[in-house]
Every structure is written in C-alpha cells, then in structure tokens.
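Q: Quick one: sequence plus predicted model below, questions after.
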Amino acid sequence: RCLSCSGTHAWCPSCVLKAHQHNPFHNLQLWNGRFYETTTLQAQGYIMYLGHGGEPCPNLSHQPDPSPWQDIGSMEDVFAQEEGDTINDTQLGVSNLVIVHSTGVYSHSVSWCQCPGAEKARHLHLMKARLFPASIARPRSAFTFDVLDNFLIDALECKTSAMSFYQKLRRFTNNAFPDTIPDRYRELMRVSRIWRDLVNRKRFGFGHDTERSPGPGDLALYCPACPQPGINLPTSWRYDYEEWLVMRRYVVDGNFTAQHMKMKIPEDDVSLADGKGYMVTEGPYQAHIDDSVEEKEATIIVQVNATNIQRSNLRATGVGATACARHGCFVPHAVVDFQKGERHMNMDYSICNAVKYTPEHIGSTLIIYDVACQWSIHFAERVDQAIICPFPRGPKYYLQLAIKSLLKKYRQALQGVSDTQGPYEELTRSLDLDDVQEWKKAAEKAAQDRGELLDIYQLKMDKAPSMAEIRLRLTENELSANGRTGSVAWLIEGINIENSQDALRLSIRQLPQDPTASQRTAIEERRQKLMARIIKFHEAAEVMTNGMELKGGEGAPLDNPELCLEEADTSNMEDPEEEDILDFDSNIDSPAEVTEIWMPSWAASGHIMDDVVLALGQEELELRKGQANDCLEKLRQALGDRSVVFREKIHSNKSVHHQGTRSKKELQTITLSINRHARGYSRARAAMLRLGADSDTVAVYQPIKPQDLVVSKEVTEENRHGQGSDKLAWFWRINNAEDSQKNIWMNEFYRVNWLKAKARYNRWSEELKLVQHEMFWTISWFRTQEERWRVRADESIKNGNRAYAERQASMWAEFSAQGLKNFEGKLLITS
C-alpha cells in the first residue's frame, strides 16, 4: 500500500510500479504476513526513466555504465563513496541516485536517455526532470526543485538552519533510525547557495539579458514607495513636485548581533554574487578600509564598540546598513561589515553607496543617524580624502511592505490630521489675531533658516511664579498692605503645618495593622511636636487678627481616598475620630494630624471680618496660588519620572530580568510623591475657593481627578499624534486663552502652545500628502516592473523564456491591480 496516495489501495508489485510511474517520491509499505513494514519503490524494481516522460528510452545503450566513483568537476560529490551508499549497476545503463525530496530521502535506479542528439551531460538530464544535481560529470546525488524551494521558505519564515532542515527529512524517511539515511547536509549547503543565486538571477531578468552581467546591487529590490527617477517618477518630476516631497530619506544604524566567525579555510568561501545584492563589493570596500584613517571616537561609540573589538575570533563584529527611513527597506549595495565595531569609515562607505544608488540624483537627502551630531562634523573631509568612497557633489544634503504599509500610514495620517486640526483651529480662533500673525511669521522664518531660530518652540520666559517668588513680593509690600510685619511668614508657617499634617497622616496610613511599640512611640512623638507648632501658630494668630477668632466650621480636613492610592487600606480613612491605630491624650479635642489651622481660609462661612483679616485673606490667596503652581510643577515632574521608570525599568525588554523589588520600590516612591503633590494642590485650591477667588482664577486652577494622574503615551512619546487634543490632563496644557491677554507668562505659554499645535497639524498634513504620493509611486513602480518583463517577453526567442517573462509580467500586473483597488480614492495621481 502507499501512504502518500489518497484513498485506500492495495497493489501487487507490478501494479504498484505502474501506479507510481510518475510518482517516484511516494512512501510504500509491504505486508510481510504479520504487519506492514516500510519498503521503497526501488526495492520493488522501480526504475526512473529520464527524457521520455517516464517511459524507457528506445535507444537504451548496452554498454556498461562507467565507474560510479568518477565524479569529476569543481563540485565533487564528497559523500558518493560513503559506506553503505552502493551503486546499482546490475542493469546496463542504469545508475543509482540518492534524491532528496521535501517528503524524505530516496534512493532510485535512474536510466539515462541515450537517443542520438540528446544531451551528453547528465546533469542537464536531471535539470530537465526538475532535479538539481550535487555534481556535474557523474552525479550521484540530486535535490528536487521542490525541496530547494521549501528550504528557502523555511529559512525565511521559520529561521530553520540547513542542519535542522536535513535532519527533519531524515526523520521523515526513517524516524526510528535516521542515521541510516545517507547524509547529504554538505551537498544541501552547496546546492542551496547555487539554487538561490540562479533563482535571483532569473527573477531579475538575467536569464533573458544574457549579454549583461549583474552590476552592484542588481540582484536586490529597493523600496517601491520611495521616489526613484526613471522608475516610478514621471519625466517631469522636477517641476511636478515640491522639493520636500521627493527628498530621499535614509536611516543609518549598526547591528552588533549579526556577527561572522573566522573561517578555518577562508579560500573555501567562494562568493557567487559579490556586491550584487545588499552587501557591498568586498574588494573595493576592503581597499577603502585599508586607506582610511579613523579619527578619535566619542566616548559613547567607544563604549558601544568595546565589547566586540576584543573578539579576536570574529571576522565581522557586526554589520552597518543604510535603509529607507520611511519604510525600512535596505538600500542595495549599502550593507557593510564591521571589523572593529561601528566606525565612521564603515558608515561613510555605506552612506556614500546609498546616496549614489539612484542614477538621477534628487535635490536633497535627509540622513538620520543616532550619532549624527558627531559623525557629521568631519564627514566632508573624510569623503574628500577617501579615494574609493565617492560622494555626489552639487545637491544640498541635510545630515540629520508596500501596500499594507502605506494603508497603515494613510490611516495614521488621517487620524493625525483629525486629532490635530480641531484643537489647532480652536486655539487660533481664541487668540489675538495680531499675535497669531506674528508667531506665524516667526515659524516660517525658522522653517526656512533653521538653526537657532528653532528656539521659538521653547519657552523664553520664566515659568509661573512660584510660592517663594510670591512670598518675596508680598513680604516687600506687607507693611503698606496691612500695617503689620510678619504676616506672610505666619501664613507660610500655616501652610507648612498643613503639609506636616499630611505627611503625618501618610505615615499613619502606612503603619501595619499591628504596629510595634517603637512605631507607635515614633508617631506619638511626631504628634506632640506638631501639636506644639500648632499651639504656637494659634497664639500668633490672635496677634495677627487682633484677637478675632478664625476657628472654622467645616470640620477637620480629610484626605481624598482616591489621592491616597498605594499608601494603605482606604478603609482606615473613613472616620479619623474613630482612629484606633494609636491612642492620644484625651485632654486634646483632636489629634495633631487632623487639627484645624486658624487661617483666613478656615474661617466659618458668613464670618464677619475686619480690614486686617481681609488683608490677610488676600495675602493668603496669593500664597495659595503660589502653592498651587509649585504643586503642579512638582506633579508634572513626578509624572514624568514615573513614565521614565515605566518605560526603562518596568516595560523595557532590556530589563525584563531585573523587574525586582528595587524598581517596584522606586515606582512606589514616585507614586507617593504624585499623591502628596496632588493633595497639596487640592488643599490650595479648596483654600482659594473659601477665600473667594474670582472666576478667572477658578478657571485656571481646575480640580484634579484621579484619571488625570495617569501618564499617557501622548506625554511620554513626544512624536505621537493627539497631543493637541483633549486627551491630556488640563494641567499639561492649561488651555484658557482668555487669560493669555492678562498674564505675561500665560501669553508666552500660549505662544509656544500655538506654535507646536500648528507644527503638529502641518506635519500630519504633510504626512498625509506624502503617503498619497507614495501610493502613486508604488503603483508606478509595479507598472515599471511589468513593462520591463513585457519587453523581455517580446524579445524572447525561446518559448520557455517568453512564458516565464509573461508570468512575471502578470505577477507585477496583479500587484498593480491590488494597489489600485486598495488605494482607490486615496492616492494622488501625477500625470
């Protein structure tokens, strides 16, 4: 029976041979009277006839087959003489051949065609039968085209090594005893390289253009969406497009994991396509390295290279490449090896080859490199000194797949325009038009001249006044305001006492359910010290208020449980008067941490105040604004710190093994700081409301909600779209345009805010326009490939060449049709 044929079958030996005349790679089992045991077609007498569609050759020679061990030629079958690998020459004109297929390794008796005029070279007989021989003159091993294609796909998608792939085939053949199967690993390594090279040459048209040999990069594809004159740009492209649209954009970087060990016999490493693909030609590149002198490296580069420079067993410590910055496609003939880490001489050669890859040079090129600030300093001098590293002169340079990728970029650009257009236009309408026109002119000049003019996007003035600055101003004016000195210091002390109360309440919440005696003692000592400060403060209050009592009527201050996250069980804060964690003196009405502070903001509602208390209230209102500003500034800093910890230590792949107690403790500390500043701001805002703050002040200082304290990607990733939307908490943007005309620092804030909103909207608009053009360029690139193959088909003499060219043209036409279908209504067409 056959395990490979569909259905249930049972044949006699003669019938099984007849049924498998055209299926030589099926797996058979033979009934031995007790069970089905594995057998082969060859054991049943099967002969593979070449040249006559599986039928015997009518001119079969009666001369004995030459010696099976005479495998001559440059590709000798090194395993032909293995023990157990015998050659069956019992039949005249028949040879034994080990054939590797995608379903296993087979041994077949092969009969060669001996008709007059037939090919004398046996390897050509095998090629016509879709078998790739492992040697030329006397082939004894061969690989089916199917298994070679499978190996390339496995290596591409599954990253399967040649050894693992061949071991899989041996187990397909005999899973119990794979070592009994002939070893053709070395032949697979050699043949797969030749096969890959031949397939590449055929796919790039060199099977048709036989008079031309591949040049540098001719066996590699470049990005279809990038502008390429003569390929996907119209002949009038210089006049049809703005310069920024057709600018070439390259990203440069190195990879230190792509290492190459030194070979024991380097002479055995024969290159089949040196410099024809993405790697540069070895000879000129080595000559460039020998002639170049590396300048002193920056500390960062030295540290990066140090680990690989000492690896004496490495022929290449990594690779460097130049790729399309927008779509990530490598530039052909621009990937270089590193000899001693990432040096300027290596990357200069890659960049120069990338820039001159396009035959018709485009006016400007953007080069993005993580160490460009240092690399670009002496780039021109290094290129001038290099003999084999030419750099095109004339154009201006700024040193700084296809269908699915473009559709994704298109959706992102539409979303970006949608997210940034509304906030930008609303903000523009709410601002003074004269200011907007002035800012717009500054932005246009900065975009044209660049350099230091780009500083317009940074704040030029001091930030909002801090509490210390307000204290200084009030202290200078306090005598003229209320006729007393020391009132500002007294108010500041009251605010400081509130902060101390908050710190004490935090310490109590962090106590365990069963605190030790030393913990209870420490809390009680802090209570006594704080109470002494409060008593002293209240004594001073009688003097400051001329004996008027300021005791409030709204009860003790309670912390918002939502602003006490990750501190303790919030159930402990339900009723501070029923606190049973610690005892306190029964003679005291309430513990120090919840005692009211007699300040103007805590006076009972409807309390009659004289002029002195009213003046104190105005001073406290100004101080509360400073307190709020300080808390907001510290809150923003703490949220930024937490985003860094999340990104670098919690969510970073590099630290996946180090997410231990230290990182979590650091994150908890920052969270406590965020909660403390949020509570401080809430106290300041509540005091401003009790002091009768006007509507403008209330509009600026909005309440903080727990969801505002979550750091979003719009904050941690500056280039992410949506920063101009309402997704950010108000204190990141303080979006109140009316106050911009009343407050100098707010006017400066809105200047920068408007410039950035305009820049974000403009960049997304440009991105959308560029993506639409890239869609058209991609389809034009597909059509160019189709036209080239149509020309090859028309010029082909052989039917096989013409058929292959037509098939390739049809494939590129299908790519073009899919692009038109997916890009319908989206792309910009340039005639």
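A: That came through fine. Quick caveat, the model's predicted, so the values are computed rather than measured. Numbering: from 1, shown residues only.

Q: which stretches of the stretch 351-500 of the chain have low pLDDT?
A: Low-confidence segments of the stretch 351-500 of the chain, defined by pLDDT under 70, span residues 359-361, 386-402, 458-467, 469-471, 473-485.

Q: where do the helices sit along the stretch 301-450 of the chain?
A: Listed in chain order, the helices of the stretch 301-450 of the chain (DSSP state H, counting those that start in this stretch) span 344-355, 372-375, 379-385, 402-430, 433-449.

Q: Name the stretch among these that sits most buried.
A: helix 344-355 (a mean of 24; mean count of other C-beta atoms under 10 Å). Quick note: C-beta positions are derived from backbone N, CA and C, even for glycine.

Q: From the contact counts, what lies against that helix?
A: strand 248-255, helix 282-291, strand 318-324, strand 336-338, strand 364-369, helix 379-385 (3 or more C-beta pairs under 8 Å, 6 or more residues apart in numbering; DSSP states H and E).

Q: Out of those, which is closest to Lys821?
A: Between Lys821 and these, the tightest spacing by C-beta to C-beta is seen for strand 318-324, at 24.3 Å.

Q: now the angle between strand 248-255 and the closest one, please.
A: 160 degrees (axes from the mean of the first three to the mean of the last three C-alpha atoms, to 10 degrees).

Q: Quick one: mean pLDDT over the top helix by length along the chain.
A: Looking across the chain with DSSP state H, the single longest helix is helix 744-795. Averaging pLDDT along helix 744-795 yields 85.

Q: Can you point out the buried residues in whichever helix or strand comes after that helix?
A: Per DSSP states H and E, the first helix or strand lying C-terminal to helix 744-795 is helix 799-822. Using 16 or more other C-beta atoms under 10 Å as the test for burial, helix 799-822 gives 801-802, 804-806, 808-809, 812-813, 815-816, 819, 822.

Q: For Asp559, give its distance to Trp195.
A: 73 Å (C-beta to C-beta, to the nearest Å).

Q: So between these two, which is more surrounded?
A: Counted by other C-beta atoms under 10 Å, Asp559 and Trp195 do not tie: Asp559 has more neighbours, with 22 against 19.

Q: All the strands of this structure, residue numbers only.
A: For the chain, the strands defined by DSSP state E cover 28-31, 36-39, 47-49, 94-101, 104-111, 131-133, 141-144, 248-255, 260-261, 314-316, 318-324, 336-338, 364-369, 396-398.

Q: a markdown table for the buried residues of helix 799-822, including pLDDT?
A: Compiled in a markdown table, the buried residues of helix 799-822 are given as follows (pLDDT from 0 to 100):
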| residue | pLDDT |
| --- | --- |
| Asn801 | 92 |
| Arg802 | 94 |
| Tyr804 | 94 |
| Ala805 | 94 |
| Glu806 | 95 |
| Gln808 | 94 |
| Ala809 | 95 |
| Trp812 | 93 |
| Ala813 | 94 |
| Phe815 | 91 |
| Ser816 | 91 |
| Gly819 | 89 |
| Asn822 | 89 |
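
Q: Let me know the closest of the residues you listed to Gln448.
A: Gly819 (35.8 Å).

Q: Not including adjacent chain positions, what is the nearest residue to that closest one?
A: Take Gly819 and drop its neighbours on the chain: the residue closest to it by C-beta to C-beta, 6 or more residues apart in numbering is Ile779, 4.5 Å away.
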